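*Asks:* got a sequence here, can you model it:
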Amino acid sequence: MSKEDRSGWVAVAPEFSNTQDDLPTVTPAQSAYQLFSRENSKAIKDSLIARGESGDLASLSKGISQRWHGLAPNERYSYESKAGQDKLRFMKESHLRDRAVMERKERLRKEREEIIVYEGNGRSTRGSRKREMKKTEREEKKRRKTEKKAKKSKTRNVENTDEGIFASDESSAAESSDYDSGDSDSSSQYSDSDESMHRG
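*Replies:* Numbers count the residues shown, from 1 in each chain. Here you go, the predicted structure:
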């Protein structure tokens, strides 16, 4: 299997490698020990070299630690005070950045809602389309509920009508029965009178 020829390829930097936002920057807070190390590392390194010791990173770190632990309380307090002020500065910058982030999010949200989207002959924003969809859903739900209620009412009316027809059939049958019994009585009367006439 032959290798792919990449001699003609060109290196391209990442799209967002050097992009910077417009938000306030936040510098991390430094501890008292870090402030002491930054201010005294050069002097401590020179001191180590002057004594004939190595000035590499390991020796320098050890020398800084020994000097820090050997400080008097009042000397250490000045660095702790500076560290406290730096922490307040960090908290303030963090708060400003958080507020700027929230403001940008709100601005982008409004911009998205203000984008005009053309549909047919009309136009609408994303927000208005969302509201329109919710309104359509509510109307559809209401329509289904009304249809269901009307269907239920119609079924009830049909049941009532069937009951009325059944009741009228029963009353008609009763009347017919009464009429038949009346006819039989009258016919018996006629037959009795006929017999009496023949006897006479």
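*Asks:* do a quick rundown of the helices in the protein.
*Replies:* 32-50, 57-69, 73-114, 126-199 (DSSP state H).
*Asks:* what angle separates the shortest one from helix 73-114?
*Replies:* What it means is helix 57-69. Orientation check (axes from the mean of the first three to the mean of the last three Cα atoms, to 10 degrees): helix 57-69 against helix 73-114 gives 110 degrees.
*Asks:* same for helix 57-69, what does it pack against?
*Replies:* When contacts are defined as 3 or more Cβ pairs under 8 Å, 6 or more residues apart in numbering; DSSP states H and E, helix 57-69 sits against helix 32-50. Quick note: C-beta positions are derived from backbone N, CA and C, even for glycine.
*Asks:* so what does the helix it packs on touch, helix or strand wise?
*Replies:* helix 57-69, helix 73-114.
*Asks:* okay, the ones you listed in a markdown table with mean pLDDT next?
*Replies:* As requested, the helices and strands packed on helix 32-50 are arranged in a markdown table below (pLDDT from 0 to 100):
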| stretch | mean pLDDT |
| --- | --- |
| helix 57-69 | 90 |
| helix 73-114 | 89 |
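*Asks:* what about Gly63, how many neighbours?
*Replies:* 19 (other Cβ atoms under 10 Å).
*Asks:* ditto for Arg76
*Replies:* 16.
*Asks:* quick one, what contacts it?
*Replies:* 32, 68 (Cβ atoms under 8 Å, 6 or more residues apart in numbering).
*Asks:* list of residues touching stretch 42-60?
*Replies:* Contact partners of stretch 42-60, identified using Cβ under 8 Å, 6+ apart, comprise 41, 63-64, 67.
*Asks:* ok, stretch 133-146 next?
*Replies:* Residues contacting stretch 133-146 (Cβ under 8 Å, 6+ apart): none.
*Asks:* coming back round to it: farthest-apart pair in the contacts of stretch 42-60, please.
*Replies:* Spatially, the most separated pair among these is Ser41 and Arg67, at 9.8 Å (Cβ to Cβ).
*Asks:* Lys82 reaches Ala32, doesn't it?
*Replies:* Yes. Counting by Cβ atoms under 8 Å, Lys82 does reach Ala32; the two are 7.2 Å apart.
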